[in-house]
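Engineer: Sequence first, predicted model second:
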Amino acid sequence: MKTSTQLKITKPFWQVLGLGILAGMRTTSAPVIACQILSKHPSKHLAGSPLRFMQSPNAALGMKLLALGEVVGDKLPNTPNRIAVGGVVGRCLAGSLAGASIYKATGNNALVGALLGSAVALGCTFGSYYLRRFVVAKTDIFDPYIGAIEDVVVAGAGAVLIISA
């Protein structure tokens, strides 16, 4: 494990809440952000854990590439809605992975983090889906443009989560 500044997350509940929200909006966003945080601030609590890969710079790079693919794929006309079963499961798993990693890295119970991240991702998946539909219907703005705005919101919120860690 490389030497780095110490992980400064003092309230992992709020960090995981934010990651769960982002997972509901963009599946890969939560694992990317958690991986970025943990690769810059490795935790001894993850050293012997199956989640230790989340603090690898290589995993962080791989996650970023997956996120880029998701941003592109979201704009394609045949992409299923996020509330399709596969999308919901993927978002819950992403929130769960990010939540478990942050909770474990801060010396807390990974299962609690996983459940919190997953539950918030589930709620935000449906909330962000219906909000996006509402905005498109009320504004007549082309849906991919709203998706691009959503991408900017996710990227901005993710940057805040990374900087605050």
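Structural biologist: On my side now, so go ahead. Note that the structure is a prediction, hence the values are computed from the model and not measured. Numbering: from 1, shown residues only.

Engineer: which element follows the longest helix along the chain toward the C-terminus?
Structural biologist: For the chain, the helix that runs over the most residues, judged by DSSP state H, is helix 110-139. Past helix 110-139, further along toward the C-terminus, the next helix or strand under DSSP states H and E is helix 143-164.

Engineer: For residue 85, see how far away residue 106 is.
Structural biologist: 32 Å (Cβ to Cβ, to the nearest Å). The way it works is simple: take the backbone N, C-alpha and C, and place the C-beta from them, glycine included.

Engineer: quick one, which of these two is more surrounded?
Structural biologist: In this view residue 106 and residue 85 are compared by other Cβ atoms under 10 Å, and residue 106 has more residues nearby, 20 against 8.

Engineer: residues in contact with residue 133?
Structural biologist: For residue 133, no residue meets the contact criterion (Cβ atoms under 8 Å, 6 or more residues apart in numbering).

Engineer: Return the distance of it relative to residue 73.
Structural biologist: Taking Cβ to Cβ as the measure, residue 133 and residue 73 are separated by 19 Å.

Engineer: can you check residue 118 too?
Structural biologist: According to Cβ to Cβ, residue 118 and residue 73 sit 22 Å apart.

Engineer: For these two, work out which one has more neighbours and name it.
Structural biologist: Set side by side, residue 118 and residue 73 show unequal neighbour counts under other Cβ under 10 Å, the larger going to residue 118 at 24 against 10.
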